[in-house]
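**Student:** would you be able to build a 3D model of this:
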Amino acid sequence: MGAFDRARKLAPPGAQAKVSLRAYFMIQDESQPSEQTIVSPQSGGEIATPLVQELRPVPDVEAAFRALASRPHCVLLDSAMRHAELGRYSFLMADPFAYEEWPIDSPDPLKDMERRCAEFPTRIVGELPPFQGGAAGFLSYDLGSCLEVIPRARHDEFQIPLAAIGWYDVVLAWDHGAGKAWLISHGWPEKEESLRRLRAQQRMGEFQAWLKEPPQHHKTVVDRLTMDQLAPQFAMPNTTNARLPELTSSFSREAYLAAVQQAIDYIYAGDVFQVNIAQRLLYPDDCDPVGLYLRLRNRNPATFAGYFSGKNFQIASASPERFVRLQNGQLETRPIKGTRLRSRMPEADLFAGDELQASVKDRAENVMIVDLLRNDLSRVCEADSVRVRDLCRLEVYQTVQHLVSVVEGQLREDCSPIDVLRASFPGGSITGAPKVRAMEIIADLEPTVRAGAVPGSGLLGFDGTMDWNILIRTLSIAKGWRQLPVGGGIVAQSDPKAEYAETWHKAEGMLRALR
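**Tutor:** Numbering: from 1, shown residues only. Now for the predicted structure:
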């Protein structure tokens, strides 16, 4: 069976017409990379160039991830859902030369990130995937409190850090469109040229050896918080999904409906145009985060999926949403607003997509966030360069369909990647508009910290390249529990019952991974 036929067979119902853009097949060759010619760096003054080795045959992403997952602070930025534009590259890293976690009361992790990245000026190699080494990791929703005066949530049982970032000198990078993969090694933190080159060669050899080793057993043992330690009044029994009786929520159904109605009341009072309200689902952890992520990527593939291993927590994400990308001075953000559940019947699936695109309520929800993001990007972009490339286009995923817009701009010369994060963090699609007032309302209506919820995970290259996702469709794993935050944007036309049902539609792919 050819690749195109395999993709058609594995595509979800109704997706066959889009299969050339949404290939769900995986590279099947799991043999180990052979020795190839290494491209040596040329002396470039103060700007370094990495060693590069093309891997033949191309290693399978899942097999390579299994081989490196037991190494310290493994991170996989994974185009599990292949797409010519959005799902072209994947990046796997582990064993960073530096790693830092910032506790929840830290003043400004972004300043520390910017300072350290500036220590390692790097020239990237052309015609390779855009990220070739740098910072990668996790930024929590509450990082927004470092940028604006925002109250924090009342309960934070899991104490997941404000941010967790590793600095990676070796990257395994895939170009799925070209069917190629490379090991890229810089030799940082050595700065003297001969020592840096020697370390780059040594580190490349280490990773080659690790990729050939049998996968390690990844189960860990942790002390699970008891229900009393989890603020039991915010761990309501799940009455919606009978297949997972151990699942609990930070809201009862009635409490969530009431919170949505309160949000609508704020809107009619003129406080806000839109606000995102999420419920936190909890499920006992079986201490196998790697297995959980692999089930998630196979059952709910996404273009901006990823896995990250912190000191005492892990993130497993099947996110379909890009927060912000910076490449060659061009900024792009892709807000998602508007959701419909997929159907097993192709005709019903098409009807649901048409109905979503025609929905005045869902389009208004999307356009509000587009306007917010245009304003965010205008703070760091050249005058008149911010434009909306796509407005409310339909995108189809494994369990849901979404309306997605694309906003672009040209970064000003006096602004840095960290300035972009300061101007736009957290992503408007998970706050509402106006952003600051929406976040104040979220702190009032949601009882618990949005641990691991939003945003984002991603990367900041030594050369200034940046790409972060919004951590929706994401499980955070800590202290013996898996957290699954799911929410939606509330506008004046919202119906509380429909909004509650939508949170469960969005949770479906993650619940499949739990099962």
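**Student:** so where do the strands sit in the stretch 151-300 of the chain?
**Tutor:** Under the criterion DSSP state E, counting those that start in this stretch, strands of the stretch 151-300 of the chain are mapped to 163-168, 170-175, 180-185, 236-237, 248-249, 274-284.
**Student:** so how far is the last one off the chain centroid?
**Tutor:** If I follow you right, that is strand 274-284. Computed by CA atoms, centre = their mean, to the nearest Å, the chain-centroid distance of strand 274-284 equals 17 Å.
**Student:** partner strands of that strand and their direction?
**Tutor:** Here strand 274-284 is paired, per DSSP bridges, with strand 248-249 (antiparallel), strand 432-433 (antiparallel), strand 481-490 (antiparallel).
**Student:** what's the answer for the third one, then?
**Tutor:** The pairing partners recorded for strand 180-185 under DSSP bridges are strand 51-54 (antiparallel), strand 170-175 (antiparallel).
**Student:** state the mean pLDDT of the last one.
**Tutor:** Looking at strand 170-175 alone, the average pLDDT works out to 97.
**Student:** cool, and the first one?
**Tutor:** Per-region confidence: strand 51-54 scores 96 on mean pLDDT.
**Student:** list the contacts of the helix or strand following that strand.
**Tutor:** Helices and strands here follow DSSP states H and E; after strand 51-54, the next one along the chain is helix 61-68. With contacts defined as CB atoms under 8 Å, 6 or more residues apart in numbering, helix 61-68 is touched by 26-27, 30, 74, 76, 78, 80, 90, 92, 94, 172, 174, 207, 210-213, 215, 290, 294, 297, 307. In short, each C-beta sits where N, CA and C put it, glycine included.
**Student:** how about residue 397, what does it touch?
**Tutor:** By CB under 8 Å, 6+ apart, the contact list for residue 397 reads 81, 300, 302, 320, 342, 509.
**Student:** repeat the analysis, applying 7 Å as the threshold.
**Tutor:** For residue 397, the contacting residues are 302, 320, by CB atoms under 7 Å, 6 or more residues apart in numbering.
**Student:** again with residue 390
**Tutor:** Residue 390 neighbours (CB under 7 Å, 6+ apart): 405-406.
**Student:** TSV please, covering the strands paired with strand 274-284 and showing mean neighbour count.
**Tutor:** TSV is the format used below for the strands paired with strand 274-284 (neighbours: other CB atoms under 10 Å):
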stretch	mean neighbour count
strand 248-249	22
strand 432-433	26
strand 481-490	25
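**Student:** closest to residue 266 out of these?
**Tutor:** Evaluated with CB to CB, the strands paired with strand 274-284 place strand 481-490 nearest to residue 266, the distance being 8.8 Å.
**Student:** okay, buried residues for the very next helix or strand once past the closest one please.
**Tutor:** Downstream of strand 481-490, the next assigned helix or strand under DSSP H and E is helix 496-514. Residues of helix 496-514 classed as buried: 496, 499-500, 502-514 (neighbour count, 16 or more other CB atoms under 10 Å).
**Student:** on contacts alone, who are the packing partners of helix 496-514?
**Tutor:** Under the contact criterion of 3 or more CB pairs under 7 Å, 6 or more residues apart in numbering; DSSP states H and E, helix 496-514 touches helix 253-268, strand 274-284, helix 289-299, strand 336-341, strand 481-490.
**Student:** out of these, the one nearest residue 202 is which?
**Tutor:** Smallest distance to residue 202 across those (CB to CB): 26.5 Å, for helix 289-299.
**Student:** which strands and helices sit next to that closest one?
**Tutor:** Here helix 289-299 touches strand 313-319, helix 496-514, going by 3+ CB pairs under 7 Å, 6+ apart.
**Student:** wait, which of the ones you listed is closest to residue 284?
**Tutor:** Of all the helices and strands packed on helix 289-299, helix 496-514 sits nearest to residue 284, with 9.6 Å by CB to CB.
**Student:** so how far is that closest one from its chain's centroid?
**Tutor:** On CA atoms, centre = their mean, the centre of helix 496-514 falls 18 Å from the chain's centre.
**Student:** give me the contact list for that helix.
**Tutor:** 240-241, 244, 253, 256-257, 260-261, 279, 281, 283, 292, 295-296, 299-300, 318, 339, 341, 398-400, 473, 475, 484, 486-488, 490.
**Student:** just the buried ones from the residues you listed?
**Tutor:** Among those, the ones that count as buried by 16+ other CB under 10 Å are 241, 253, 256-257, 260, 279, 281, 283, 292, 295-296, 299-300, 318, 339, 341, 398-400, 473, 475, 484, 486-488, 490.
**Student:** returning to what we had before: can you redo the strands paired with strand 274-284 as a markdown table with distance to residue 154?
**Tutor:** Shown next, in a markdown table, are these (distance: least, CB to CB, whole Å):
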| stretch | distance to residue 154 |
| --- | --- |
| strand 248-249 | 16 |
| strand 432-433 | 19 |
| strand 481-490 | 16 |
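**Student:** can I get those in TSV with mean pLDDT and distance to residue 458?
**Tutor:** Shown next, in TSV, are the strands paired with strand 274-284 (pLDDT from 0 to 100; distance: least, CB to CB, whole Å):
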stretch	mean pLDDT	distance to residue 458
strand 248-249	90	28
strand 432-433	96	22
strand 481-490	94	18
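**Student:** out of those strands, which gets nearest to residue 52?
**Tutor:** So among the strands paired with strand 274-284, strand 481-490 is nearest, using CB to CB, at 37.7 Å.
**Student:** okay, the angle between that closest one and helix 496-514?
**Tutor:** 150 degrees (axes from the mean of the first three to the mean of the last three CA atoms, to 10 degrees).
**Student:** name only those of the contacts of helix 61-68 that count as buried.
**Tutor:** Neighbour-count burial (16+ other CB under 10 Å) applied to the contacts of helix 61-68 gives 26-27, 74, 76, 78, 80, 90, 92, 94, 172, 174, 207, 210-211, 290, 294, 297, 307.
**Student:** among the residues you listed, which are located in helices?
**Tutor:** 207, 210-211, 290, 294, 297 (DSSP state H).
**Student:** and those as CSV, adding pLDDT and distance to residue 226?
**Tutor:** Output for these, formatted as CSV (pLDDT from 0 to 100; distance: CB to CB, whole Å):
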residue, pLDDT, distance to residue 226
207, 98, 41
210, 96, 38
211, 96, 41
290, 94, 26
294, 96, 29
297, 94, 31
